[in-house]
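A.B. asks: Output the structure for:
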Amino acid sequence: MLKMLGAVLVIAATTLAGWVQARQYANRPQQIRRLILALKRLETEIMYGFTPLPEALIRIGEQSGGAVGAIFLTAAQNMKPPDNSTAQDALQLAIGAGWKATAMKTAEQEIMRQFSYTLGTSDRKDQLGHIATAVRQLESEEHEAREEQNRYEKMFRSLGLLFGAFIVIVMY
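C.D. replies: The predicted structure is shown next:
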C-alpha cells in the first residue's frame with residue numbers, strides 16, 4: 001500500500017513538473033504579444049496623446065496587466081520622485097526587477113533593453129521609428145516562440161508522465 005502511494009506521488013510530481021514546463025512554452029508567445037501591444041499603445045500615446053511619459057507608462061501598465069504590465073508600472077514609478085530616474089534607467093531597472101516573473105527569454109529582454117536606450121531621448125518621429133523597430137523584432141521572436149510552443153508543449157506534458165512511470169519502474 002505504501003509503495004503504491006509512493007508510486008502515485010512520484011508520477012503526480014513528474015507529471016506536474018512536465019505541465020509546468022509546458023505552461024512556460026504556452027505563456028511566452030502570449031506575453032510577447034502583450035509586450036507588442038503595450039509598445040503599440042505607447043506609440044499611440046506618443047503620437048496622439050501628448051501624454052507625459054510616466055503617465056503613459058502607468059496607463060500602459062494598467063491596460064497590459066500581468067508581469068508585462070508590472071514592468072511598465074515599475075518603470076513609471078522609477079521616473080517619479082524620489083527616484084526621478086531617466087526613462088532609460090527607469091525602464092532598465094524595471095526590466096531587471098520584473099523580467100524573472102515572465103516566461104520570456106533573454107532575446108526579448110535584450111530587445112527591450114535596446115529600446116530603453118532610445119526612450120525619451122529624441123523627438124516624436126524618431127521615437128515612433130524606434131518603437132516600430134522594437135515591435136518588428138518582438139514579432140519575429142513571437143513567431144519563434146509559437147513554433148517552440150507547437151514543438152515542445154505537448155512533448156513536455158507527455159515527458160513528465162513518462163519520466164514518472166520510468167522512475168516508478170526503476171524503483172520497483
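
A.B. asks: can you give me the helices in this structure?
C.D. replies: 2-44, 53-64, 66-79, 87-98, 106-118, 124-171 (DSSP state H).

A.B. asks: Just the C-alphas of the third one, formatted as CSV.
C.D. replies: Listed next in CSV are the C-alpha coordinates belonging to helix 66-79 (Å, rounded to 0.1, in the frame of the first residue of the first chain):
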residue,chain,number,x,y,z
GLY,A,66,0.3,40.6,-15.5
ALA,A,67,4.0,40.6,-15.5
VAL,A,68,4.3,42.7,-18.6
GLY,A,69,2.2,45.4,-17.1
ALA,A,70,4.2,45.3,-13.9
ILE,A,71,7.3,46.2,-15.8
PHE,A,72,5.8,49.3,-17.2
LEU,A,73,4.2,50.3,-13.9
THR,A,74,7.6,49.8,-12.2
ALA,A,75,9.3,52.0,-14.9
ALA,A,76,6.7,54.7,-14.3
GLN,A,77,7.2,54.5,-10.6
ASN,A,78,11.0,54.8,-11.0
MET,A,79,10.5,58.0,-13.1
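
A.B. asks: thinking again about what came up before, columns mean pLDDT and mean neighbour count on top of the helices of the chain, output as TSV?
C.D. replies: No exception for glycine: its C-beta is placed from N, CA and C like everyone else's. Shown next, in TSV, are the helices of the chain (pLDDT from 0 to 100; neighbours: other C-beta atoms under 10 Å):
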stretch	mean pLDDT	mean neighbour count
helix 2-44	93	17
helix 53-64	91	19
helix 66-79	93	22
helix 87-98	92	19
helix 106-118	93	17
helix 124-171	92	15
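
A.B. asks: what sits against A70?
C.D. replies: G61, G98, A101 (C-beta atoms under 8 Å, 6 or more residues apart in numbering).

A.B. asks: Tell me how far the first one lies from F115.
C.D. replies: Put plainly, it is G61. Counting by C-beta to C-beta, to the nearest Å, the gap from G61 to F115 is 16 Å.

A.B. asks: ok now stretch 43-50, how far from the chain's centre?
C.D. replies: Computed by C-alpha atoms, centre = their mean, to the nearest Å, the chain-centroid distance of stretch 43-50 equals 24 Å.

A.B. asks: got the contact list for that stretch?
C.D. replies: The set of residues external to stretch 43-50 that reach it, using C-beta under 8 Å, 6+ apart, is T51, A56, R59, I60, R124, Q127, L128, I131, A132, V135.
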